[in-house]
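Participant: coordinates only, sequence not included:
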C-alpha cells in the first residue's frame with residue numbers, strides 16, 4: 001500500500017523523573033527506565049499501600065528487561081508475554097496488599113516484530129532432463145538407462161532444495177500498555193496525539209456526552225478510576241502495537257502531569273525542548289506551577305536512528 005513504509009532500525013533513549021507535588025506528603029508514583037521497558041505507575045491506597053503497589057508494578061515490568069539481557073542478542077517479548085507480565089504484576093499486588101492498594105500502569109515495551117527476520121522458502125524442484133522422454137517411451141524401464149555419470153552431472157547442477165532468503169534485520173515494534181488513567185502520548189511531525197484512553201469515571205462521562213473535557217479536568221470525581229492493578233474487579237490492560245518512526249517522541253505520565261497541563265501546552269514543551277532531560281524537567285515544573293495537586297511522574301522517550309559504525313582506522317604501511 002502507498003501509505004506503508006519499510007521499518008527502519010532504531011534505538012530508544014529516555015529521561016524521566018517523579019515529584020511529590022505541592023499537596024501530597026508521600027510520593028506514590030514510580031517510573032521505570034529500562035532497555036526494553038519504560039513505565040509509569042501511579043499508586044493509590046492507604047498508608048504505604050499505594051507506594052508498595054506502584055513499586056511492585058515497575059519491578060515486575062523490569063523483569064522483561066532482565067530476561068532480555070540474559071542473551072547476547074536481546075530476546076524481546078511478544079505481546080502475549082507482555083500481557084502475562086502485567087497479569088503477574090496484578091497478582092503480586094493483590095497477594096501483597098489484599099486489595100488495600102492498587103496502581104495504574106502505562107508502559108512502552110520493545111517487542112518482537114511479527115513476520116520479520118529470517119525466513120526460508122522451498123526452491124522449485126529441478127526436473128532431470130531424461131524425464132522428457134517419459135511420455136514418448138511409455139512402458140519403458142527408464143531407470144535402467146540412467147548411468148551413474150548422468151546422476152552425478154545432474155546433482156552437481158542443483159542448489160539445495162531449501163534456499164535461505166536474504167537476512168533482514170528484525171526491526172522491533174512497540175507495545176503501549178495501559179491500565180488506569182496514566183497516559184501515553186506520541187509527538188510525530190510536531191503534532192501530539194494521546195494514544196491511551198483513560199479508565200476513569202470522568203472519561204466515561206465524557207464519552208457519554210455528560211461533561212466536556214474541560215469540565216472533567218476539575219470534576220470532583222476526576223480521581224476515580226475504573227480499572228487498576230491490584231484493586232477492583234477489572235485489571236485487564238489495553239495494549240496497542242505501534243510502528244515507530246525515527247524522530248518520534250513518546251510521553252508517559254501520571255495524571256499529576258496530564259491533569260494539570262493542557263494538551264497544547266504538553267505539545268509546545270515537547271516541541272520546544274529537544275533535550276529529553278530538560279523536557280522532563282520543564283514538564284514537571286509546569287505541572288507544579290499549575291498547582292501540583294498530585295504526585296507527578298513523567299518519562300520522555302525519543303526514537304533515534306542507529307548510530308553509524310565507526311569507520312575502520314586506515315592502515316599505515318610499515319616503513
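Facilitator: Nice, thanks for sending it over. If you're wondering where the values come from, they're calculated on a predicted model, not measured in any experiment.
Participant: just the helices in the stretch 101-250 of the chain please.
Facilitator: In the stretch 101-250 of the chain, the helices defined using DSSP state H, counting those that start in this stretch lie at 148-156, 201-207, 213-217.
Participant: Just the mean pLDDT for the second one, thanks.
Facilitator: It stands for helix 201-207. Average pLDDT, helix 201-207: 91.
Participant: before we move on, what about stretch 241-251?
Facilitator: Mean predicted lDDT for stretch 241-251 stands at 97.
Participant: buried ones in it?
Facilitator: The neighbour-count criterion (16 or more other C-beta atoms under 10 Å) identifies 242, 244, 248, 249, 250, 251 as the buried residues of stretch 241-251. Heads up, the C-betas are built off the backbone N, CA and C, glycines and all.
Participant: Just give me the closest of those residues to residue 219.
Facilitator: Taking C-beta to C-beta as the measure, residue 219 lies nearest residue 251 of the buried residues of stretch 241-251, at 23.0 Å.
Participant: So what sits opposite the closest one in the bridge?
Facilitator: For residue 251, the beta-bridge assignment (DSSP bridges) gives partners residue 185, residue 300.
Participant: From residue 209, how far out is it?
Facilitator: According to C-beta to C-beta, to the nearest Å, residue 251 and residue 209 sit 28 Å apart.
Participant: follow-up on the earlier one: tell me the one of the buried residues of stretch 241-251 nearest residue 54?
Facilitator: Distances from residue 54 to the buried residues of stretch 241-251, taken by C-beta to C-beta, are shortest for residue 251, at 18.5 Å.
Participant: Roughly how far does the closest one sit from residue 257?
Facilitator: 8 Å.
Participant: Find residues that contact each of the two.
Facilitator: 266, 283, 298 (C-beta atoms under 8 Å, 6 or more residues apart in numbering).
Participant: The closest residue to the first one other than its chain neighbours: what's it in contact with?
Facilitator: In other words, residue 266. Setting aside the residues directly before and after it, residue 266 is nearest to residue 192 in space (C-beta to C-beta, 6 or more residues apart in numbering), at 6.0 Å. When contacts are counted by C-beta under 8 Å, 6+ apart, residue 192 is found next to 185, 186, 251, 263, 266, 267, 270.
Participant: now swap in residue 50 and tell me
Facilitator: By C-beta under 8 Å, 6+ apart, the contact set of residue 50 is 26, 28, 43, 44, 101, 102, 103.
Participant: now swap in residue 78 and tell me
Facilitator: By C-beta under 8 Å, 6+ apart, the neighbours of residue 78 are 111, 112.
Participant: and residue 307, helix, strand or coil?
Facilitator: Under the three-state scheme (DSSP: H, G, I helix; E, B strand; the rest coil), residue 307 adopts coil.
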